[in-house]
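[1] Provide a 3D model corresponding to the input given below.
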Amino acid sequence: MDCETLGEFEKKPVALLGDKKICKHIYLQYRSVLDIKYIFMTNMDYGEYASDDFFLGLTEVKCVPLKRRMVEEQGLFLILCKPSVSRKNYDDLLHYQGFEWGEDYLDYLWVIQFYRHKYREDLTERELWIFGAGNTGRRFYEQFGKSYGFKGFISNNEEEREFLGLPVVRPDYLLERKNVYIIVCSVAEKEISDQLMQAGLTAYDYGFPDTIPKKLLISMGTCQVVNTVRILRKNTYFSGLYDACYYFDTIYDPCNDADSKRLKGYGNFCDVVFYNIANAGTSDIRNYEPLLNKYYSKAVRLYMPFYCFRGQVPQATKEENRYELESGWVWVRGDKEINRMVEKGYTEDEILENISGNDYWTREWILENFRDELEMVSVWDRFSSFPIRPFIENNYRKIQVFIDGTHFSYHLHLHLANEIAKYVQAEPIDHQEIIDKIEREQHSVMPVYPCVRKALGMEKAKGYKFWNMERNETEYLSFEEHIKRYIRYVVNVRNICQESGTHFLF
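    Just a heads-up that it's a prediction; the model follows:
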């Protein structure tokens, strides 16, 4: 799946589908280099385009329902204009229509990266001007001003001379200058695009905030990697310089067919790849090395193993997340210690007493277990671009670093996201309100037992917060209430399994 083969889309008539704002920007920016014939409506967005004044006013592009027969008869190539986080439904729709990624359609981000590389585009080496000295231009400047050294603003208003401390010039002033790139930030997007095209500018010379040709970071692997990049994308300094795509991919939940092809198709354009590596006994993680060696030869590699840590939640399952009870029943995930106590016939009060006092685990055992788990992290750290043991040792009293045996808290994700940001020369996020927001959004998977919290001198993790899918809301429970609910859950599941004759409990 090489770049030249995928680049054949330039020779075909094109149809856009997906988010109408992105479709609008792709059309306005690339109509000088692409033969865009249609905006396709699907059953997920039917009517959005037909009622939009912009699309109604176009004569050279028709807004019509997606039809496979039309695509075949006219030899159309499709460009999917959906962000990576919300394109799965469109992938499914196109798949069942018989369209395949790379053969029948590509993503708008792939197209942006294609032209970025075709023009050898790097905006950090060009003069950047914002067309629009109004509220839209202000917001863009305030968001990305630290990422780019903007020279000033452009306006058709002869009276405007200065805005936000920068000069405001007329378009003619820039037409004879070389190495200039214009970012259109105005509600008059079509009029400005028409004006720039009539002046001889092309997709190489101007764009919109969501079509700026940036560098590309791709991540692949488990939730440890994916959630780190989700946090990284909240960093406006990073987002000013990089586009980021993440692919959740494990042997239990692999990428769909389109994403598997994307992992190859984007390789030529990738500047930084962040991924899980299979080592140190973590054989449940995909081995991406052959893929990276073939398609990502130009990318800087940042890598991380699949970490397991039970120093704060020793009741958590580990590695394959399944274990066998004495009865021969197999539990997948869940709190193994409570499962064992229920199997032995302990009452609710006895279970609460065990995990609140020092009889079930002694203080010495808890501390020894914590040290042993830190040593295991040190082993995994040898295979990581960003070791995490120092972060655990510096923060375990203040936060729950892992929310179960295999999942990071958002604090650790934020730490790793900031390490990546610094590596790619973007400022890390250090605003307290962002950190507070992340902490409020964090849903625990397993609580820290009171005996563990006391032995380790932890300041937090006294309650339990989780997402109730039935009620579609976050619930805040005391530790005791959560444990009682969980005990009842275990008892009910065991009863159901006994009646059904199964030995697998979840």
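[2] Give me the nearest residue to Glu480, chain neighbours excluded.
    Leu352 (6.2 Å; Cβ to Cβ, 6 or more residues apart in numbering). C-beta coordinates here come from the backbone N, C-alpha and C atoms, glycine included.
[3] from memory Cys81 sits against Leu17, does it?
    Yes: using Cβ atoms under 8 Å, Cys81 is in contact with Leu17, at 6.6 Å.
[4] Quick check: neighbours shared by the two?
    Cys23 (Cβ atoms under 8 Å, 6 or more residues apart in numbering).
[5] I'd say the residue nearest to Glu480 and Ile483 touch.
    Yes: using Cβ under 8 Å, Leu352 makes contact with Ile483 at a distance of 6.0 Å.
[6] okay, those two: which has more neighbours?
    Remark: of Leu352 and Ile483, Ile483 carries more neighbours, 22 against 19, as counted by other Cβ atoms under 10 Å.
[7] Name the residues of whichever strand or helix holds the more buried one that are buried.
    Secondary structure assigned from DSSP states H and E places Ile483 in helix 479-500. Residues of helix 479-500 classed as buried: Phe479, His482, Ile483, Lys484, Tyr486, Ile487, Val490, Val493, Arg494 (neighbour count, 16 or more other Cβ atoms under 10 Å).
[8] Throw those residues into a markdown table and include pLDDT and distance to Asp253, thanks.
    Listed next are the buried residues of helix 479-500 as a markdown table, based on pLDDT from 0 to 100; distance: Cβ to Cβ, whole Å:
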| residue | pLDDT | distance to Asp253 |
| --- | --- | --- |
| Phe479 | 81 | 31 |
| His482 | 83 | 26 |
| Ile483 | 85 | 29 |
| Lys484 | 88 | 31 |
| Tyr486 | 85 | 24 |
| Ile487 | 88 | 29 |
| Val490 | 84 | 25 |
| Val493 | 82 | 22 |
| Arg494 | 80 | 27 |
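[9] Turn those into TSV, including distance to Leu291.
    Below are the buried residues of helix 479-500 laid out as TSV (distance: Cβ to Cβ, whole Å):
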residue	distance to Leu291
Phe479	44
His482	41
Ile483	44
Lys484	47
Tyr486	40
Ile487	45
Val490	41
Val493	39
Arg494	43
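[10] From those residues, pick the one nearest Ile112.
    His482 (46.3 Å; Cβ to Cβ).
[11] give the contact list for Asn287.
    Ile277, Ala278.
[12] now with 7 Å?
    By Cβ atoms under 7 Å, 6 or more residues apart in numbering, the residues touching Asn287 are Ala278.
[13] Let me know the secondary structure of it.
    coil (DSSP: H, G, I helix; E, B strand; the rest coil).
[14] same check, this time on Leu216
    strand.
[15] Quick check: it vs Asp107, distance?
    Plainly put, Leu216 is 12 Å away from Asp107 if you go by Cβ to Cβ, to the nearest Å.
[16] Repeat that for Tyr252.
    26 Å.
[17] neighbour count winner among these two?
    Asp107 (24 against 9).
[18] Could I get the full set of helices for the stretch 1-150 of the chain?
    3-6, 20-30, 53-56, 68-74, 88-96, 108-118, 135-144 (DSSP state H, counting those that start in this stretch).
[19] Just tell me which of those helices ends up closest to Glu475.
    helix 88-96 (27.9 Å).
[20] what does that closest one contact?
    Residues outside helix 88-96 that contact it (Cβ under 7 Å, 6+ apart): Gly18, Thr42, Met44, Leu80, Lys82, Tyr105, Asn256, Asp257, Ala258.
[21] which ones are touching Phe238?
    Contact analysis of Phe238 by Cβ under 7 Å, 6+ apart lists Leu232, Ala421, Val424, Ala426.
[22] swap the cut-off to 6 Å and go again
    Shown in contact with Phe238 (Cβ atoms under 6 Å, 6 or more residues apart in numbering): Leu232, Ala421, Ala426.
[23] Now neighbour count, secondary structure and pLDDT too, for the residues you listed, in TSV please.
    Formatted as TSV, the contacts of Phe238 follow (neighbours: other Cβ atoms under 10 Å; DSSP: H, G, I helix; E, B strand; the rest coil; pLDDT from 0 to 100):
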residue	neighbour count	secondary structure	pLDDT
Leu232	28	helix	93
Ala421	20	helix	96
Ala426	21	coil	91
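[24] Just give me the closest of those to Arg68.
    For the contacts of Phe238, the nearest to Arg68 is Leu232 (38.0 Å; Cβ to Cβ).
[25] Can you check the pLDDT for the closest residue to that closest one other than its chain neighbours?
    Nearest non-adjacent residue to Leu232, counting by Cβ to Cβ, 6+ apart: Ala417, 4.0 Å away. The model reports Ala417 with a pLDDT of 95.
[26] quick revisit: how confident is the prediction for the residue nearest to Glu480, by pLDDT?
    89.
[27] Which strands or helices does the helix or strand it falls within pack on?
    Counting by DSSP H and E, the element that carries Leu352 is helix 348-356. Applying 3 or more Cβ pairs under 6 Å, 6 or more residues apart in numbering; DSSP states H and E, one finds that helix 348-356 makes contact with helix 479-500.
[28] Show me what the helix it packs on is packed against.
    helix 348-356.
[29] I'd like the next helix or strand past the helix it packs on.
    From helix 348-356, the next helix or strand downstream (DSSP H and E) is helix 363-381.
[30] can you pull the buried residues of the helix or strand that that following helix is followed by?
    Reading on from helix 363-381 to the C-terminus, the next helix or strand found by DSSP H and E is helix 389-395. For helix 389-395, a neighbour-count test (16+ other Cβ under 10 Å) marks Arg389, Phe391, Ile392 as buried.
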